[in-house]
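Enquirer: Quick one, structure for this:
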Amino acid sequence: MTNGRTYRYVAQTHVGLKRRVNEDAILALPDHNIWMVSDGMGGHQAGDFASALIVDAVATLPIGLDPTAKMHGLREKLQEAHRAIQAESQARGGSTIGATVVALILANGHFLGLWAGDSRLYRLRNGVIELLTSDHSAVADYVLAGKMDWDEAEQHPHSNAITRAVGVGEELELDKIRGAVEPGDRFLVCSDGLTKYATFPKLQQVLSSAPLETVGDQLLQIALDGGGTDNISHIIVDVV
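Expert: You can find the predicted model right below:
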């Protein structure tokens, strides 16, 4: 509870119907009011190693940090993971290893989102869905230029070509977004294994109507019914 606000959540990850290994990793730290999803880079070696390393690093954040220290601590843990993944890559002969990350922090009546890659953070407010993050992907420029929307981008042949990830490149650059939280807000933190199949209208419909106890199962079923070709991970956080 922060400033009289209580947060409730559900978290799920599923291997899907086509993959043998779940390269997604999820993390819920209610004592910190931090929720995170990391998606190991599909088609690359050891994506499951990378995503697990990221969530394990963040899970070691000390209890009792103030909001500013918590944000800086989260950033540093992600940078530590970036360096550790790079070291592992070199130990394996330089093969590409990496993972996306998206994290939600709630504190003092505000939210902060941090991300790298194409895992996403949404907010449902007053029945309207809003994408708070912007994919770091090869097709994102088309969306930002108004040539297609995010749902169309998910179906583009190059939708999986991400341009930023933890463990890839010399420097890890994290984007952030912050804003005020209102009672009744519902946040969705997820990997692209969900958003390939769950369009904005579908997300808005399910998140608006389903109680917290069943909303995760309903989102998972959408992805499985759509084909479940990727790992599927999502965390739904309600502001009470």
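Enquirer: switch to C-alpha atoms for all contacts and neighbour counts from now on
Expert: OK.
Enquirer: Give me the mean pLDDT for the top helix by length along the chain.
Expert: Counting residues, the longest helix found in the chain (DSSP state H) is helix 67-91. Mean pLDDT, helix 67-91: 96.
Enquirer: Kindly report the same for stretch 212-232.
Expert: Stretch 212-232 comes out at a mean pLDDT of 97.
Enquirer: Not counting its own residues, what contacts that stretch?
Expert: 9-19, 22-24, 190-198, 203, 206-207, 234-236, 238 (C-alpha atoms under 8 Å, 6 or more residues apart in numbering).
Enquirer: Show the buried residues in those.
Expert: Those of those that meet the buried threshold are 9-16, 22-24, 190-198, 203, 206-207, 234-236, 238, by 16 or more other C-alpha atoms under 10 Å.
Enquirer: ok, now how distant is the residue of the chain most remote from its centre from Q86?
Expert: The outermost residue of the chain, judged against the average C-alpha position, is G93 (28.7 Å), by C-alpha atoms, centre = their mean. With distances taken as C-alpha to C-alpha, to the nearest Å, G93 is found 11 Å from Q86.
Enquirer: repeat for Y142
Expert: Distance of Y142 to Q86, computed by C-alpha to C-alpha: 30 Å.
Enquirer: rewinding a little: in helices only, show me the buried ones among the contacts of stretch 212-232.
Expert: 192-195, 203, 206-207.
Enquirer: can you put the residues you listed in JSON lines and add pLDDT?
Expert: Formatted as JSON lines, those follow (pLDDT from 0 to 100):
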{"residue": "D192", "pLDDT": "95"}
{"residue": "G193", "pLDDT": "96"}
{"residue": "L194", "pLDDT": "97"}
{"residue": "T195", "pLDDT": "95"}
{"residue": "L203", "pLDDT": "98"}
{"residue": "V206", "pLDDT": "98"}
{"residue": "L207", "pLDDT": "98"}
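Enquirer: Where does the prediction get shaky in this protein?
Expert: Across the chain, residues meeting the criterion (pLDDT under 70) sit at 1-4, 42-45.
Enquirer: And the strands in it, which stretches?
Expert: 7-14, 24-29, 34-40, 99-107, 110-116, 120-125, 128-131, 175-180, 186-190, 232-239 (DSSP state E).
Enquirer: So which of these is nearest P67?
Expert: P67 lies closest to strand 99-107 among the strands of the chain, at 6.3 Å (C-alpha to C-alpha).
Enquirer: how big is the angle separating that closest one from strand 34-40?
Expert: 170 degrees (axes from the mean of the first three to the mean of the last three C-alpha atoms, to 10 degrees).
Enquirer: My read is that D151 contacts T199, right?
Expert: Yes - D151 lies in contact with T199 (C-alpha atoms under 8 Å); the separation is 5.8 Å.
Enquirer: could you measure A138 against H156, distance?
Expert: 10 Å.
Enquirer: so L104 bridges to which residues?
Expert: W35, G113 (DSSP bridges).
Enquirer: ok, now which ones touch it?
Expert: Counted by C-alpha under 8 Å, 6+ apart, L104 has contacts 34-36, 111-114, 121, 189.
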